[in-house]
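Engineer: fold the following, please.
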Amino acid sequence: MIEIHMGELLERAIRRKGLNISELAIALNITRRTLYNWFKQEAIDEVTMERLSKVIQYDSAIVKLNQ
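Structural biologist: Have a look, this model is predicted:
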């Protein structure tokens, strides 16, 4: 099975959409540092991923299929 680095996947999705990191952090009520820390994590819990998916309008079901 292919290993998926969730943080890298998240970062790519955000960058592809051209989202501003500062604005995204504000929308999520977190710091920019927290967001960058998430990018480094191999795994991101489901609740956090759902929250992020809603804000960045990304279908997290695609990720769940690969887990």
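Engineer: in the protein, which residue is closest to the centre?
Structural biologist: In the chain, the centroid-proximal residue (Cα atoms, centre = their mean) is Leu10; its distance is 3.4 Å.
Engineer: please report phi then psi for it.
Structural biologist: Here is the backbone geometry of Leu10 (degrees, to the nearest 10): phi -60, psi -50.
Engineer: list the buried residues in the helix or strand hosting Arg51.
Structural biologist: Per DSSP states H and E, Arg51 falls inside helix 46-56. Buried residues in helix 46-56, counting neighbours by 16 or more other Cβ atoms under 10 Å, are found at 49, 51-53, 56. Every residue, glycine included, has its C-beta placed from N, CA and C.
Engineer: buried sites along stretch 16-25?
Structural biologist: Neighbour counts using 16+ other Cβ under 10 Å place 24-25 of stretch 16-25 among the buried residues.
Engineer: what's the average pLDDT for it?
Structural biologist: For stretch 16-25, the mean pLDDT works out to 92.
Engineer: just how off-centre is that stretch within its chain?
Structural biologist: 11 Å (Cα atoms, centre = their mean, to the nearest Å).
Engineer: show me what the helix or strand harbouring Ala25 is packed against.
Structural biologist: Element membership of Ala25 [criterion: DSSP H and E] is helix 21-28. Of the remaining helices and strands, those touching helix 21-28 by 3 or more Cβ pairs under 8 Å, 6 or more residues apart in numbering; DSSP states H and E are helix 32-40, helix 46-56.
Engineer: could these be laid out in CSV, adding mean pLDDT?
Structural biologist: Shown next, in CSV, are those (pLDDT from 0 to 100):
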stretch, mean pLDDT
helix 32-40, 96
helix 46-56, 87
